[in-house]
Structures are given as C-alpha cells and as structure tokens.
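Asker: Have a look at this fold, sequence not included:
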C-alpha cells in the first residue's frame, strides 16, 4: 500500500533540465516508487494522472511547480519531499559553474560583441521578448522554444526579414550552420548539398541519408514546422532558399516540408525553378504526378530525397537546361473529354499554377463556380454528367467542346488552350477534321495564342493516329502523347520568379549566445564553437503582465 | 439581325445520336446561323444560353425535346423548324436498316441464347431497369450510361456479385474483354498485363502506354468511377482483381483509381498482396511514401504505371518473394520523438493499417481522441507541444516515452511497439541505456511482443551509433535506419487477405447485346465481335411512373 504526497511551489521557475534531474533524484531515493516534477500545466497534470498519480484535490496553476512523490509509506514520502531543496541545490551547483555567466542577453552581447547567433530555448511564453531583443542586437536567431503563437512568429520573422536576419523557428529542432549543429543535429560530412527544412527530424533523416551515401552538407536551415502556413507565408523558407541559391558552396538544394498552400507552393516552386541549381523537393504527403520538372526533382520520401540529392551532387555538369518554350502569356484553359486526363492535369499543375479552377477539383478551393465560365487557370472535364445529359459524350460529339473553344479564344485572358483528343473504338471517326479548322481560325485571330493537344491513342487506332496528329500540327498545335509531357510543357512555360529581395546578412562564422536549456550550450562547446551561456531567469519572476510592462519600457 | 425560333416536342424520346444528327442537319441549312437540339434538362438549357441562345419564355421539361434555330430572318428560321420531321426520318432510315432489330432485350436474348454480355447506354433514368433485366438473364453488363444513382449502382452490383456476374459502370467508359473493346477503347496488342480501372481514360492512357512499350493486355476491366466509394464498396473492383489474379493469361495486374477510403484501400491492398502476382497501383492523387511494397509497385502517373507494368511483364521469373516476417498479432503502437518520422510513418501505413489513429493525423478520421490512450493502430509524436510544456523534448528525456512504453506493453491489444531513437548533438548522451532495459522487461513479460526501433543517426554520432544499435538488438529489438525500411517491415507483417469468394462466371467468348447508342453496335461489328442491336425505346413512352409499374409487374 503506497501513499502519495505533493508540494506546490507557486510561481517558481526552473528550467526543464533541473526539473528532470530533480525527478530522477527523487525516484532514486529508497522507498520511493515514483515521482513527478513538472510545471502544473493542464497537459502535464493529465500526463501524471495517465501514468498513475492521483491528483485529487491538488490545485495548482501552470506557473506553479508541482512535485508529487509516491512512496511505500507516509514517512518516506514526506521525507522525500523535505529533501527537494537540497536536491535542487545539488543539481544547480553541478553544471559547469566554472565560467562566468551573464544574467541577460544584453550583457552577453556586450561580452561577445562579435557573436552573430542567439539560441533561444526558454519557455514559449517568454520566447518572443527574448527574440525581439536578439533581433534588435542584430543577431540571427535559432528559436527552439515551442508554444509560441503564430501571431508572434509572423511578427518576429517579418522583423527578421526587414533586418536581413534569419529567425529559425519557433519549434525549430535542427540546423547546421557553418558546420556547427544547433539543437538536434547529426555528425555529417560537409559538402555541396544544402537543406531548407520546415521539419527537424526531416532535416536529420535527410542529412544522415546524404552522409551515409558519401555526400556532404553545406548548410542545413531549419524554419520551424509552421513557417509555410499562410499566416507566416514561408518567410524563413524563402530566405533560406535564396541564401542557398546564392551560396557558392552549395551545388544542390533540398527542400523539405509538409505540403504548403497552393499559393505558397507556386511561389516556392517559382523561386526554385529560377535558382539555376538542381532542387530536390519533398513536400511530405503531397501526391506528385511526375518525378522531375526542369531542374526540380520530386522525392516521395526523406531517404529518396537524400538519394537523389547525392546523385545530383556527383554530376560534374551542373548546367540546367533552360527551357526553350515561350513564357506563358495569359491563363491556361483546358477543355477535356477524358475525366482522368483532366484530373491528372489538375494534379500536375496545382503546385505551380494559381489560382486554378476545375469541375474535377482536387482541393476544395479549386471548385469552379460556373462550369460554363472559365476563371483564371481553368481545367474542365466536359465528359462529366453535367455536360452529357441527353447528349453524346465529347469523345463522340465535338459540338459542345468546339463552342467552348471559341468562347475561350474570345476571352482575352486566355493564353493557352489545352485539348485532349482521345482516339479508338467508340470515339468520333475523325475528330481532328472538326477540331483543326477551329484551331486554325483561333491562331488566325490571335496568333500569340498557344494551343496544346494531348492525343491519347495507339499507333494502330482506326482514325489513323499519325494523320490526326499531323493535321493538328499543321494548324500550329503542339501535340503530346502523355499527360506527363503536357505537364512538362505547361510547367516549362512558367516564368521563373523574380529575386525575392530577401538577402540575408551572412557570415561564415558561428559565435553563439545560448539563452535557455543548458544542454545546447554544452553541445556547442563540445563542437568547439564559440558560445556563451546566459543564466536566464524569467523577468519579473515570471509574472507575464509585469513582464510585458518591462518589455514596453525597454522598447522606449 | 438574326431571329430565333424554337419548337418543343413534349415527352418525345430520341437517342443522342439522332439529336446530334438533327442538329447538324439544321445548322447545314442555308441561312441558319446556329441550332440546338437537346432534351430540355436544366443543364442543357444553361449550355444553350451560354453558347448564345436566348431561351426567354421557353418552358420545357427534361423529358421534352427542345429544338432552337437561329437564322438570318423569321422565314428561314420557321422553314428550318418545319423540316425537322423530314430530317428526322432521313436520319432514321440511314443507320444499317439492313438487319432485323428486336425491340426488347428479352427478344434479343432469345435470338442469341449464347450471348454473355449486355452493353447498356440508354439514358440514366432508364438504365437500372435494363441492367436488372440483363442480370436476370444471366449476362455480364457493361453499363455506359451515366446519371444513375449511387443507390441503384450498389443494388445492381450486389445483385451481380451474388450471381457471379460483372456490372461494369455506371458511367463506365472503357473495357477490353477477350480482345474486344467496349465503349471507348484503343487498338492495343493482347498480352499478359491485366487492368482494373475505376477510370475510363485512365485505362485508355495506361493500355496505350503498355502497347507503345511493346507490352500487351489480357483484360481491361472497367468499374465506373464511383465503384470505390464506400456506398458501393468496390464490388466490381474486387471482382476484377480476383478475376485477374485467377486468370492464367495474366502475369501482371494494374490497378487504377482515385484514392479509395482507408478501409477499402487496405482491403484492396490486402487482396493484391495475397494474389501472388506483381501488382502496379496508381491511386491517382494519393501520396505514396514508397515505390514498392512486396509484390506491389506504386506509380505516380498513368504513364509510369504502364512503364512499370511492362518491365514486370518482361521478367522471366514472376515468383514473388514471400516475406519471412511473422504475421502481425495485435496492433502497432508507435511512440516517436521525431515528428516528421511519425508523420512519414502514418503516411506509409495508412493504406494498409486500419483503423489508424495519431496526433499527427493526415486524414481527419485518424485524429486520436486522447493522446494518452492508444486505440487500434496508434502512432504518437511525443515531441508535440502538448507533451513538451515545461518538460524536455523526448530526444533529451526518455521518461515520458518509457512510461508510455510500459503502458503499451500492459495493453494486451498491443502486438508491435515501434520506437524511434534519434542520436546526435543535443540528444540524450546514451538513450539506449534507458530504453533497452524496458524492452528486455517487455520481451520477458510478453515474449510474443514485437519491438521495432528506427535509429536515425550518422555512423559518427557522439553516442556511438553502432554500440547503441547493438544494445537494442541484444534485447531483441528489430533495428532499422530509415522510415522506408520500417514501413517495409510493418507492411511485410500484414496477413494477406483471404479469398473474397467473389468468383465470376467467366468465359473466353464475347457475344454481346447492345441496348442504347448505336455507335457501340457499329464498333463491335467493326471489331468482328458477335453483336445484336436492340432498337430500344423507353417503356411507356418514357413515362417514369408507368415504367416503374411495368417493371414491378415483370418481377412478379
């Protein structure tokens, strides 16, 4: 029969390392079955309960330290609790008391005027103020802390961008800057592959995969997992991509993230296409309808991203073949008779063409309002039920598609018309005899208009496949035989995005100030990096309100 | 200045070919600018309006034929309308009046008792009754008609399955059965690759891609685009897969569909894994985290599916290496410290492991209710904010994960425990020294329990990577270095699904009855297939109510 005793230390702050050490010391005591030492957040209370502690009648606020001990009897439990202060002192006094430790970031910066990075791992609610201070001091920031609001993240990153400084994080787990691992990082060779990752273990898995294949890393830039959310707009991701594009030590770029919004994806893809280096993209969980798009390769896993990157980095000729196609001038209007051909096309352009609308939408925001009226880039499957009631399928009867074709030609916003022509049994006996004249007419009225045709047919189909293709080419249509080739064409017509103008103040050295978890200070020391540790305490003893007032005064 | 005249033929039925021909004939008349001949459905009215016809004041029901003519003047327009009957007669009398045409499916079946297929392309609202009749006559059905309800589709397919008959469709565009193309089909070589496709043009693009690469097709089985919706449950898709698995002329199977529900996907994957043949899967638009899974290959596009299938079909040794791993006995419980490692794992098992829950869910239905309580297959990222408030990250502090590990071991439903161990700077100095003892303990209490560890580390990490791995293997954990290898292991432990017991009455001949669009009759004739055309008219002159009454009488 065990008993549980607890103690609450109101408004006391200890960093997580200390809490962990205290808990371990308590569990190590004779007669103690189990112990918990946590800041009393609702989440932590639930965890304690789920691991067998009864917290009935214990009321504590998230700012309080909660100590719970389960022991063989009352006396042992009480005795354990009574030792808390001694144990805390013991743990404190350990941990490199040798070197002097400034109490504030400002003082640390004065001691190390040449420091260019600040590592922040204080509890989330204190983090934003520390980062503001670091940016005001002109330092790049590695922000390990989580539980920072999206609003704060956006503010900090905009401020950083304006100053040409990187804010990696919040919740940034991993980076390797100038050979020094920040946060969680593996020991990997240096080399010519750079990574930008909105994912800590994603960056670790990829860098390890590159290392194990004999490749090496130039820089690994973390952004935090939410950087590509529209609230933040991928500020750090774009800064990182731009930085690696300009970095002469980087020959191959790897981009890792969960799928961004369509708009942001097309922006990133645009920059990547224009960066003149091979870029390997793993938007984890995004369906890719192709393996490569110009200088871009799409990987289906972190390990495959590493594999492709190493292959690319070993190529002697890093020249990217610039596409010969004219830049798209206007919107794409796809008029399909084949539903799956339309769908695969939407899949293949949704990353790079925005805004995009369709009646075979993949993302809800792509759903077109009026199927009879194209808007921006539009892909229409004219074989859908809504078009075929009491009417032959467009593979048999071109009438409706040809009317729509004329409608698109008349729309000055149309830059490229995409048609599929599906031959074979059951289909129209000579579809091109009806389609070609209208293409000719279109080219006549609007010579700048591009027309692309996808011909799905075997060489042996009854319509005489080669004759159909020649007739289309004769009137100036670009003909392809697979959706993949059509996608390569369309994406090849995209303009490369202009320089984002987000150049970063970069230096090849790494001299860091660590504010928060001591482990990261030790880690940088063991890597022989210049680093100074701030013996940080919450301002105003952790009183948030008082803290914000102080912060306001500072700004003045 | 043009004028528009119109005529409405209440409750008149003409098939779409006739309507198209009439429209063409009207447009061909002198002085006629444009003409529209359609069944007056709301959709068709909108289309007419969007192509420049004014239908103000024209009221007609979907069962009425609407004829609109736009001409240079009143007289010409009126004259054109007056010619409608003559033109209709002209079109009718053309179209192979030579051979005798039964007026009903029943009579056709009596004339051709050996016929085994019925092609149905009548308007959607009449289709279900025709298919019921075909199934009652013991024929397989190719149902081209669209605008058939999901409820009717499910009923028809269940009836078909019970009778060992295929119902391909509704809205089935393409099939190639015993060398004969049904609906829209290309002229492709026969060979050892079979396709099951919930997509008409998907099947066409894939079969054309196979043909152009020198491969050939055994059977192409269409299912209609909605077969894998949960309302229908993939009845025809599973029948088709089973049929090709048993077909001695099929060495490689290709499966094409939009992504099915998780449950249905795992069922199909299970059958495919057990079928003993290479299976190439293209769930269009689904992100695949791996290229292959045992005998399964995942393609990212229709053309790639064709490419892989042909490669597989050329392999002399078609033996599939059966996996050596013990079949999974219980649920998988993944306890991760790396968020992206957890996420990529969810991505990799969501197709084959159901039900699946996680705090890094990809599909909403995967979202776990209580992060502290595993349910069925569960993948938990213990590095998420909810676990790390005022607490060190699990890469530094194993405490929470080890407690959870013990919790999972105590749960008799747990069959396999999956842990990641991420080494490197910043991480715990010797994590395995804390993890291994608990694995040993777990193996001791439950020898049947499987433990799989993913070690993310470079060979040169400070924790001594090889020693960490050996220590894990020493206590009986299966260790892998990439998520891909973990996924291969997990999927390799899945039991192959039992025979679905949906065997189809198959015969190598193709003798068809065509009910509906005449084009399909002509197509089969030109392919020299046995076919008879039914000169179909809507029962009760298209009066739906009367029609249903008749249908009821028939059933009696």
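Answerer: That came in fine, so what should we check first? Everything quoted here is computed from the prediction, not taken from an experiment. Numbering: from 1, shown residues only, chains lettered A, B, ... in the order given.

Asker: Every contact and neighbour count from this point should use C-alpha atoms.
Answerer: Noted.

Asker: The one residue in the stretch 351-500 of chain A that gets nearest to chain B and residue A:462, how far apart?
Answerer: Proximity of the stretch 351-500 of chain A to chain B (Cα to the nearest Cα) peaks at residue A:424, 4.3 Å away. Remark: distance between residue A:424 and residue A:462 (Cα to Cα, to the nearest Å) = 6 Å.

Asker: Overlap of the contact sets of these two?
Answerer: Counting by Cα atoms under 8 Å, 6 or more residues apart in numbering or on different chains, the common neighbours of residue A:424 and residue A:462 are residue B:187.

Asker: Isn't residue A:21 up against residue A:91?
Answerer: Yes. Between residue A:21 and residue A:91 a contact is recorded at 6.9 Å, counting by Cα atoms under 8 Å.

Asker: okay, now the closest residue to the residue of the stretch 351-500 of chain A closest to chain B other than its chain neighbours: neighbour count?
Answerer: Nearest residue to residue A:424, sequence neighbours excluded (Cα to Cα, 6 or more residues apart in numbering or on different chains): residue B:186, at 4.3 Å. By the measure other Cα atoms under 10 Å in any protein chain shown, the count of residues near residue B:186 is 31.

Asker: show me the contacts for residue B:186.
Answerer: Counted by Cα under 8 Å, 6+ apart, residue B:186 has contacts A:423-425, A:457-458, A:461, B:204, B:207-208.

Asker: wait, which of the residues you listed is closest to residue B:286?
Answerer: Of all those, residue B:286 sits closest to residue B:204, with 20.0 Å by Cα to Cα.

Asker: Surely that closest one is within a helix?
Answerer: Yes. Counting by DSSP: H, G, I helix; E, B strand; the rest coil, one finds residue B:204 located in a helix.

Asker: per-residue confidence at it?
Answerer: With respect to pLDDT, residue B:204 scores 96.

Asker: burial count for it?
Answerer: For residue B:204, using other Cα under 10 Å, the count is 32.

Asker: pretty sure it is in contact with residue A:456, am I right?
Answerer: Yes. Between residue B:204 and residue A:456 a contact is recorded at 7.5 Å, counting by Cα under 8 Å.

Asker: helices or strands up against the helix or strand containing residue A:444?
Answerer: For residue A:444, the host element (DSSP states H and E) is helix A:431-445. The helices and strands touching helix A:431-445, judged by 3 or more Cα pairs under 8 Å, 6 or more residues apart in numbering or on different chains; DSSP states H and E, are helix A:399-410, helix A:465-474.

Asker: Neighbour count: residue A:424 and residue A:462, which is higher?
Answerer: Neighbour totals were compared for residue A:424 and residue A:462, and residue A:424 leads with 27 against 17 (other Cα under 10 Å).

Asker: State the three-state secondary structure for residue A:159.
Answerer: The three-state label given to residue A:159 by three-state DSSP is helix.

Asker: what's around it, how many residues?
Answerer: 17.

Asker: which non-adjacent residue is nearest it?
Answerer: Here the residue nearest residue A:159, using Cα to Cα, 6+ apart, is residue A:135, at 7.7 Å.

Asker: what number of residues lie near that neighbour?
Answerer: Other residues near residue A:135 come to 22 when the count uses other Cα under 10 Å.

Asker: what does residue A:394 give?
Answerer: With other Cα under 10 Å as criterion, residue A:394 counts 25.

Asker: can I assume it sits in a strand?
Answerer: No. Counting by three-state DSSP, residue A:394 falls outside a strand, being coil.

Asker: my guess is it meets residue A:385, correct?
Answerer: No. With contacts counted by Cα under 8 Å, residue A:394 stays clear of residue A:385, the gap being 11.3 Å.

Asker: got a pLDDT number for residue A:550?
Answerer: 64.

Asker: repeat for residue A:49
Answerer: pLDDT for residue A:49: 88.

Asker: Quick check: mean pLDDT of stretch A:345-362?
Answerer: pLDDT averaged over stretch A:345-362 gives 93.

Asker: got a list of contacts for that stretch?
Answerer: So stretch A:345-362 is in contact with A:262-263, A:265-267, A:269-270, A:287-290, A:339, A:342-343, A:365-368, A:371, A:374-381, A:483, A:487, A:490-491, B:285, going by Cα under 8 Å, 6+ apart.

Asker: switch to 7 Å and redo it
Answerer: A:262-263, A:265-266, A:269, A:289, A:343, A:366-368, A:371, A:375-381, A:483, A:487, B:285 (Cα atoms under 7 Å, 6 or more residues apart in numbering or on different chains).

Asker: Among those residues, name the buried ones.
Answerer: Among the contacts of stretch A:345-362, those buried by neighbour count (16 or more other Cα atoms under 10 Å in any protein chain shown) are A:262-263, A:265-266, A:269, A:289, A:343, A:366-368, A:371, A:375-381, A:483, A:487, B:285.

Asker: Go through the residues you listed and flag which are in helices.
Answerer: Judged by DSSP state H, the buried ones among the contacts of stretch A:345-362 include A:262-263, A:265-266, A:269, A:343, A:483, A:487 as members of helices.

Asker: So which of those is the closest to residue A:471?
Answerer: Within these, proximity to residue A:471 (Cα to Cα) peaks at residue A:483, which comes in at 20.1 Å.

Asker: how much space between that closest one and residue B:213?
Answerer: Look at residue A:483 and residue B:213: by Cα to Cα, they are 16 Å apart.

Asker: same question, residue A:265
Answerer: From residue A:265 to residue B:213 the distance is 34 Å (Cα to Cα).

Asker: Over to residue A:105?
Answerer: As judged by Cα to Cα, residue A:105 and residue B:213 stand 66 Å apart.

Asker: Settle it for me: which of the two has more neighbours?
Answerer: residue A:105 (23 against 14).

Asker: and the more buried one, what is it in contact with?
Answerer: residue A:534.

Asker: Could I get the pLDDT score of it?
Answerer: Here, the pLDDT recorded for residue A:105 equals 96.
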